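> Make a model of this:
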Amino acid sequence: MSRMFTPRRVAALEARMREVCARALDPFIGSGGFDFVRNLGADLPMRMISELLGIPESDQETVRDRIDDGLRLRDGEAPEPGGPSEVINDQTMFREYIAYRRAHPSDDLMTDLVQITFEDENGVTRPLDEEEILNYAGLLAAAGNETTTKLIGWTGYLLGRHPDQRHMIADDSGLVAGAIEEILRYEPPSPVQARYVARDVELHGTTVPEGSALLLLTAAANRDERKFPEPDRFDVRRRIDHHLSFGYGLHFCMGAALARLEGRVALEEVISRFRDWEVDEDSAEWAHTSTVRGWYRLPVSTPS
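The predicted structure is shown next:
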């Protein structure tokens, strides 16, 4: 799967990302404000992952909204059995796209999923079967939408709350990439990951038995003072060799390069139009999910 997110394919999207940002932001110049999530954060990642997957523009918002609704928890209601996995594995959403790409191959991830061959756990070289393609397509669509939407929301929130940091970035565009890394460290969109323990393993002198469920608090690790001096201080100039918001090692996020580029482009395009903004905390709305953490709405006011 990681072969699908090559640097060439990701880098080729930058010009298109800037077009999407301009279309989203330009109408709000001089208007007094916009919503970092509903007007930008929910739009840019959806357009990019949909175009990578080959989902027609006419269907992109529908796919995003269905995923978003399926991941949301509602106050006073217990989540449905299966939860987010049922949304990701919903096989009705992508059958038509897969069938179309079988007949009309193109340079997109859906075509890759249809055509790729690999060696499975039995040593057999084969293509993905229909169920595997559907599951991977759903996983990519969900992950490509939700996490980067939350990253862009946190960008608006943290830089709104720290105007001194925002002004440093506005005065020095070379700080943008590092600022995105600090935002990812400080408020990771995916703060926990669960794992099933396949065999007994000893961690820090404690044996974790086979069959255990293990919850990894990656957000806490990102604020470990043994790794990050003054970890609770938000600092866009912080030097970070790596954080854990994309995982690490074998489980490193295969879409990390895409998310980083989207975050960088979004911040550059916002700050080139709006040097100053203030978060409207009374109107902001938290996103209630069991998988990602961030904002569903984040209105900000800007100088008219």
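> Next up, the contacts around residue 292.
71, 146-147, 150, 189-190 (CB atoms under 8 Å, 6 or more residues apart in numbering). Glycine gets a C-beta too; all of them are placed from N, C-alpha and C.
> One more pass at 7 Å, please.
146-147, 150, 189-190 (CB atoms under 7 Å, 6 or more residues apart in numbering).
> repeat for residue 101
Residues in contact with residue 101, defined by CB under 7 Å, 6+ apart, are 54, 110-111, 114.
> Next step: those residues restricted to helices.
110-111, 114 (DSSP state H).
> which one of those residues has the most neighbours?
Highest neighbour count within the ones in helices among the contacts of residue 101, by other CB atoms under 10 Å: residue 110, with 23 neighbours.
> How about the contacts made by that residue?
Contacts of residue 110 (CB under 7 Å, 6+ apart): 53-54, 97-98, 101, 137.
> Next SSE downstream of the longest helix seen in the chain?
Longest helix in the chain, counting residues (DSSP H): helix 130-161. Remark: after helix 130-161, the chain's next helix or strand is helix 163-171, criterion DSSP states H and E.
> which stretches of this protein form helices?
Under DSSP H, the chain gives helices at 7-11, 14-25, 44-53, 57-71, 84-88, 95-103, 109-115, 130-161, 163-171, 176-186, 218-221, 256-273.
> partner residues bridging residue 286?
Beta-bridge pairing for residue 286 (DSSP bridges): residue 295.
> Identify the residues contacting stretch 158-167?
183, 186-187, 234, 236, 277-279, 300.
> Ends of that stretch, what's the gap?
Distance across stretch 158-167, first residue to last, is 13 Å (CA to CA, to the nearest Å).
> begin at 824 from here
Done: numbering now begins at 824, and the last item shifts to stretch 981-990.
> Quick check: buried residues in stretch 982-990?
982-983, 988-989 (16 or more other CB atoms under 10 Å).
> now do the same end-to-end measure for that stretch.
End to end - CA to CA - stretch 982-990 spans 9 Å.
> Run the chain-centre distance for that stretch.
22 Å (CA atoms, centre = their mean, to the nearest Å).
> again, but for stretch 1108-1125
13 Å.
> what do you get for stretch 937-957?
26 Å.
> Could you identify which of the contacts of residue 933 has the most neighbours?
Neighbour-wise, the contacts of residue 933 (other CB under 10 Å) top out at residue 960, 24 neighbours.
> check contacts around that residue.
Residue 960 is in contact with 876, 917, 933, 936, counting by CB under 7 Å, 6+ apart.
> Residue 1044: which of these is nearest?
Nearest to residue 1044 among the contacts of residue 960 is residue 876, at 31.2 Å by CB to CB.
> quick one, what contacts the closest one?
931-933, 960, 963-964.
> I'd like to check what contacts stretch 1013-1026. Which residues are they?
970, 1030-1042, 1114-1116.
> what about the nearest residue to residue 855 once chain neighbours are set aside, how many residues close to it?
Sequence neighbours aside, residue 1127 is the residue nearest to residue 855 in space, at 4.7 Å (criterion: CB to CB, 6 or more residues apart in numbering). Residue 1127: 8 surrounding residues under other CB under 10 Å.
> do the same with residue 1026
Using other CB under 10 Å, the number of residues around residue 1026 comes to 9.
> With mean pLDDT and distance to residue 1072 added, can I get the helices of the chain in a markdown table?
Below are these laid out as a markdown table (pLDDT from 0 to 100; distance: least, CB to CB, whole Å):
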| stretch | mean pLDDT | distance to residue 1072 |
| --- | --- | --- |
| helix 830-834 | 84 | 20 |
| helix 837-848 | 97 | 28 |
| helix 867-876 | 91 | 24 |
| helix 880-894 | 79 | 26 |
| helix 907-911 | 50 | 23 |
| helix 918-926 | 90 | 31 |
| helix 932-938 | 92 | 24 |
| helix 953-984 | 92 | 18 |
| helix 986-994 | 98 | 31 |
| helix 999-1009 | 98 | 17 |
| helix 1041-1044 | 96 | 13 |
| helix 1079-1096 | 96 | 13 |
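> one step back: the residue nearest to residue 855 against residue 853, yeah?
Yes. In terms of CB atoms under 7 Å, residue 1127 counts as a neighbour of residue 853; the distance is 5.8 Å.
> Burial check on residue 929, number of neighbours?
Residue 929, neighbours per other CB under 10 Å, totals 11.
> right, and it touches residue 877 too?
Yes. Under the criterion of CB under 7 Å, residue 929 makes contact with residue 877 at 6.0 Å.
> I figured residue 875 hits residue 935, correct?
No. The pair residue 875 / residue 935 is not scored as a contact, 9.6 Å apart, by CB under 7 Å.
> got a list of what residue 866 touches?
843, 847 are the contacts of residue 866 under CB under 7 Å, 6+ apart.
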